[in-house]
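Undergrad: what's the 3D shape of this:
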Amino acid sequence: MAPHHPPNPGHAPRQALSRRDASALLLMLGSGFGIGGLGGLASCGPVRPPRVSLDRSTQPKLVPTEARVDAVPGRSLVMQVRVDGPISGNADPRLTLADGRDLGAALVWIGVEADGRDWSGWLPAFERWVVAAAGDSSIPASIGAWHIVAALPADSGAQELKLNGRSVPVNWIADPDTLRPANVRSGWEPWTIGSDVPQPDARLLAPEWRSPLRLWHARLVTTSLGRAAATPGLWQVKGNAGVLDRLAELTEARWRVGLARLWYADAVACARLLRTFGRTVELSSGTHAPAWPTDAAALDSLLSDLLDPRLTGAALAVRAQVWVEALPRIAVWVEDDAAGLLGDASEPLVRIRAAGFGDEPQLIWTSGADDLRVGDPEMLGAGKVAEVSVPVSAGRVFTGGRSFTVRTGTQSLTIAAREMTPIRPPGMRCGPLLFDWTLTAWAQSQPRAGAVPDAAHAAAVLIYRDLSGASESGWAVFVECAGPEPTAAPRDNLSAPTPGTEPDDKPGDELPVVDSPAITPTRRDPGADDEVSLWFGQRGRSAAVLRVSRAGVLRDDRTPGSEATLEVADEGDRWSVSVPIPLEAIEPGQVLRLGIARRDPRGVRTAWPRRLMPWDREPARAAIDLKTWSGLAGS
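TA: Numbering: from 1, shown residues only. The predicted model follows:
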């Protein structure tokens, strides 16, 4: 659908969203608004002078964008429409029932502001919403769509619904509060996840509470969809938050009805789907991370089928089972390229981890060169993690490293590992630094998906031989970081709202935080400096940790409180500094193990050589062979 520009009377054109920003937001939002939601998004920026009808009585043609509109009698209707023709300030849609009642509908724009972010948290998040009536004097630039919003009478079911005289393809579904059988005291569980499924960490769950499209999911995994809603809108919004409350209510009602239909068709299939929706993995001790499906288009498709009146009984159950079966069974990633060194320091040990997503334990094993198994097979439980550390030379050779394949009975995934890197003049470049893992990338075992920062926040690192005498080891690390001067950091994507607490609408305000000491936030407090940390030696047993800020302040974790000052070249949009490598960082055999992390002016973390989990406290390591520098072999 071509971008539609809502009215903005008396205002000059504003700067357009870049193609990259618009594309990124469209991909992020996708069809996640779904049937009866915000599917098929359009941009409302730039905001331009309106196409005002000369005839104030003329109304634009409003056409539902979906072939089927799910509606619940007695609840709100939030229906996406396409607007054909100009919108005047007195746009007055007429939504009527067959008995002639006018439902007092309003034409409303629902969208999300572009924020230009190139990073994401573990779960995708919507930051700030825009809700505006067609008659408003201006509508902030946003990505979204026009909607008809109305309250449906409780006795409206089975009646024809018309919009400006044209029939709406409505699918009347039952009020979910009426679906529980009166003679069933126990065993009615279409809206409850089993008590044996661990709840996700509250901080990681925060984005679900902030989205009217995913609030149902937060309630499902923490309490139950069957309970009365106790959480008003937690979203950040410009405009009428009540419209988003209605959207959230309708979205949850549709899921409740869809799950109830599946339970009636096949209670076992329903229970399996619920476990999938509540799936977590204990990726670190005490931290149960969400591991459920996040593909908005796939979820929309499933919900549409669950509510399809043509699908009943076994056909409905099969559709749900096929949907679950199509999901990945495992996620595989390299946690550390130099978790250890062989006795003669000739090569590193690579640590490979795998997480189980299935309903039952599954046999898992790893193979390398010539498809020979490395390590022992083991049973990987649902929601559990297995790991193996093997010499990197056991992997298959490919350009730039080695590869290993992790297999189960139904799935195999190949991942790349880093060999010990020889260093030669003029030095070894390290990078790019990568964003923390997101659930979407991790569950698909895609280490580079959305991992690289844009050029405005990139960093370059070079290890080189320092002959100036400033480094006692004779080696140094040159760091160059792009980024503007530090400003107030964005809202912390890992800060969770306390259910039942409503945020106000002031930019930068923070929701209350649910304490979770096991997680290190990826984003820091406003005013955080731009800082790079260099981690030497084995992960978890560092030989040295040096931190250097944009101001040139160097701190050594071995001596808390001590500081030194290094010379920094600051050019406004970038800065650079050289950091001497301490002598004790050089391991026997002239091997250097190094990990790098940075918090940029936004407070966003990146790392090398591997992406980090949001709760990780230090980076992985890469092994570098210093002997290969000209003239140092055999030293």
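Undergrad: what number of residues lie near A314?
TA: 11 (other C-beta atoms under 10 Å). C-betas here are computed from N, CA, C, even on glycine.
Undergrad: could you do I148 as well?
TA: I148, neighbours per other C-beta under 10 Å, totals 22.
Undergrad: just T178 next, same as before
TA: T178 has 8 nearby residues by other C-beta under 10 Å.
Undergrad: tell me the pLDDT at it?
TA: Looking at T178, its pLDDT is 88.
Undergrad: could you tell me how far it is located from R256?
TA: 11 Å (C-beta to C-beta, to the nearest Å).
Undergrad: over to R407?
TA: According to C-beta to C-beta, R407 and R256 sit 39 Å apart.
Undergrad: and the longest helix anywhere in the chain, what does it pack onto?
TA: Scanning the chain for the helix with the most residues, using DSSP state H, yields helix 241-265. Under the contact definition 3 or more C-beta pairs under 8 Å, 6 or more residues apart in numbering; DSSP states H and E, helix 241-265 sits against strand 76-84, strand 106-112, strand 128-133, helix 215-222, helix 267-277, helix 296-306, helix 313-325.
Undergrad: mind listing what's buried along it?
TA: Residues of helix 241-265 classed as buried: 241, 243-265 (neighbour count, 16 or more other C-beta atoms under 10 Å).
Undergrad: and for stretch 305-315?
TA: 305-308, 311.
Undergrad: pretty sure V108 is touching A133, no?
TA: Yes: between V108 and A133 there is a contact at 5.7 Å, judged by C-beta atoms under 8 Å.
Undergrad: anything in contact with each of these two?
TA: N240 (C-beta atoms under 8 Å, 6 or more residues apart in numbering).
Undergrad: need the pLDDT of L17.
TA: For L17, pLDDT reads 32.
Undergrad: mind starting the numbering at 51 from now?
TA: Noted, 51 is the first residue going forward, which turns the last one into L67.
Undergrad: where does the stretch 101-250 of the chain dip in pLDDT?
TA: 101-109, 138-140, 165-166, 176, 234-237 (pLDDT under 70).
Undergrad: so, low pLDDT: which residues of the protein?
TA: For the chain, the ranges with pLDDT under 70 are 51-109, 138-140, 165-166, 176, 234-237, 277-283, 535-578, 681-685.
Undergrad: Y514 touches W525, doesn't it?
TA: Yes: using C-beta under 8 Å, Y514 is in contact with W525, at 7.4 Å.
Undergrad: higher neighbour count, these two?
TA: Using other C-beta under 10 Å as the criterion, Y514 and W525 rank with W525 on top: 22 against 18.
Undergrad: can you pull up the bridge partners for that one?
TA: W525 has these beta-bridge partners by DSSP bridges: R515.
Undergrad: my understanding was that it contacts L517; is that so?
TA: No: applying C-beta under 8 Å, one finds W525 not in contact with L517, separated by 10.2 Å.
Undergrad: picking up where we left off before, K677: which of the buried residues of stretch 355-365 is nearest?
TA: D355 (61.2 Å; C-beta to C-beta).
Undergrad: so what's the closest one closest to, chain neighbours aside?
TA: Of all residues not flanking D355 in the chain, R369 sits nearest, at 5.0 Å (C-beta to C-beta, 6 or more residues apart in numbering).
Undergrad: how far does the helix or strand hosting V382 sit from its chain's centre?
TA: If you go by DSSP states H and E, V382 is part of strand 380-391. Its chain's average C-alpha position is 22 Å from that of strand 380-391, according to C-alpha atoms, centre = their mean, to the nearest Å.
Undergrad: direction included, what does it pair up with?
TA: strand 398-406 (antiparallel).
Undergrad: figure out how far the partner strand is from the centre of its chain.
TA: 23 Å.
Undergrad: which SSE is immediately downstream of it?
TA: With secondary structure assigned by DSSP H and E, strand 398-406 is succeeded by strand 412-417.
Undergrad: report the inter-axis angle for that next one versus strand 398-406.
TA: For strand 412-417 against strand 398-406, the angle by axes from the mean of the first three to the mean of the last three C-alpha atoms, to 10 degrees is 160 degrees.
Undergrad: now for the residue nearest to I243 when sequence neighbours are not counted: which residues touch it?
TA: Residue nearest to I243 in three dimensions, not counting chain neighbours: G328, with 3.9 Å by C-beta to C-beta, 6+ apart. By C-beta under 8 Å, 6+ apart, the contact list for G328 reads 243, 247, 270-271, 342.
Undergrad: over to P534?
TA: 506, 622-623, 651.
Undergrad: repeat that for A117.
TA: P219.
Undergrad: could you measure from it over to Q130?
TA: 12 Å.
Undergrad: with I198 instead?
TA: In terms of C-beta to C-beta, I198 sits 8 Å off from Q130.
Undergrad: burial count for P219?
TA: P219, neighbours per other C-beta under 10 Å, totals 10.
Undergrad: same check on the one 5 residues further on?
TA: Residue crowding around A224 was assessed by other C-beta under 10 Å; the count is 15.
Undergrad: and it, helix, strand or coil?
TA: coil (DSSP: H, G, I helix; E, B strand; the rest coil).
Undergrad: please name the nearest non-neighbouring residue to it.
TA: V307 (6.1 Å).
Undergrad: one more: S626?
TA: E530 (4.0 Å).
Undergrad: A strand includes the one you found, no?
TA: Yes: the assignment for E530 by three-state DSSP puts it in a strand.
Undergrad: hmm, who's touching stretch 460-473?
TA: With C-beta under 8 Å, 6+ apart, stretch 460-473 has contacts from 378-380, 382-384, 387-388, 396-398, 400, 402, 412, 442-443, 445, 448, 450-456, 478, 495, 497, 513, 641, 659, 672-676, 678-679.
Undergrad: which ones among those are found in strands?
TA: 380, 382-384, 387-388, 398, 400, 402, 412, 448, 451-456, 478, 513, 641, 672-675 (DSSP state E).
Undergrad: pretty sure S680 contacts P476?
TA: No: counting by C-beta under 8 Å, S680 stays clear of P476, with 10.5 Å between them.
Undergrad: A321 touches T242, doesn't it?
TA: No: if you go by C-beta under 8 Å, A321 and T242 don't touch, sitting 9.5 Å apart.
Undergrad: quick one on the thing from earlier: quick one: buried ones out of the ones in strands among the contacts of stretch 460-473?
TA: 380, 382-384, 387-388, 398, 400, 402, 412, 451-452, 454-456, 478, 513, 641, 672-675.
Undergrad: buried ones in stretch 327-337?
TA: 327-334, 337.
Undergrad: and this structure, what are its domains?
TA: Following automatic domain parsing, the chain resolves into domains at 51-222, 236-377, 378-469, 474-539+574-685.
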